[in-house]
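**Q** pasting the sequence and the predicted model now:
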Amino acid sequence: QVQLVESGGGLVQAGGSLRLSCVVSGFTFSDYHMAWFRQAPGKEREFVAAVNKNDDITYYARSVKGRFTISRDNAKNTVHLQMNSLKPGDTAVYYCARSSFRLRVSSLGAEYDYWGQGTQVTVSS
């Protein structure tokens with residue numbers, strides 16, 4: 001069955017860095033675009049970043065552009081999110097997701113069909 005397992009979250013001070021990883025199984029990873037979303041307490045889930053299946057097109061939310069980098073390793077069935085210059089506003093549960101939409105990279109959660117369980121990122125001021 002399809003599985004997505006995130007890791008790498010934790011507690012970090014503002015200005016610090018974290019690298020999230022998502023290992024997938026149960027499908028041909030290189031056939032699918034992937035993304036990271038996040039959800040803070042009391043807020044709606046929001047798009048963070050996406051990468052196409054070939055790892056040559058990326059798309060970022062305006063709030064993280066220039067600070068976060070999404071990448072993937074198709075040989076290891078893994079997608080990463082490198083987060084630098086973290087801010088308290090980045091505190092959230094971060095989820096990786098598989099796109100069900102093959103034509104383009106999407107920022108719409110409704111176009112993703114499988115999700116991981118999430119990993120908590122907490123940024124202290």
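**A** Cool, got the structure. Quick caveat: nothing in here was measured; it's all calculated off a predicted structure.
**Q** list of residues touching stretch 54-73?
**A** The contact list for stretch 54-73 (Cβ atoms under 8 Å, 6 or more residues apart in numbering) reads 29-30, 34-36, 46-52, 74, 78-86, 89-90, 105, 107. All C-beta atoms are positioned from the backbone trio N, CA, C, and that covers glycine.
**Q** ok, of the residues you listed, which come out buried?
**A** 29, 34-36, 47-52, 78-81, 83, 86, 90, 105, 107 (16 or more other Cβ atoms under 10 Å).
**Q** how about the nearest residue to D90, chain neighbours excluded?
**A** Once flanking residues are discounted, D90 sits nearest to V123: 5.2 Å by Cβ to Cβ, 6 or more residues apart in numbering.
**Q** for that neighbour, what are its contacts?
**A** L11, V12, Q13, A14, G16, L86, K87, P88, G89, D90, T91.
**Q** can you rerun that using 6 Å?
**A** Neighbour list for V123: V12, A14, L86, P88, D90, T91 [criterion: Cβ atoms under 6 Å, 6 or more residues apart in numbering].
**Q** and the stretch of helix or strand it belongs to, how far out from the chain middle?
**A** Using DSSP states H and E, V123 sits within strand 119-124. The chain centroid and the centroid of strand 119-124 are separated by 14 Å under Cα atoms, centre = their mean, to the nearest Å.
**Q** ok, stretch 57-75 next?
**A** 8 Å.
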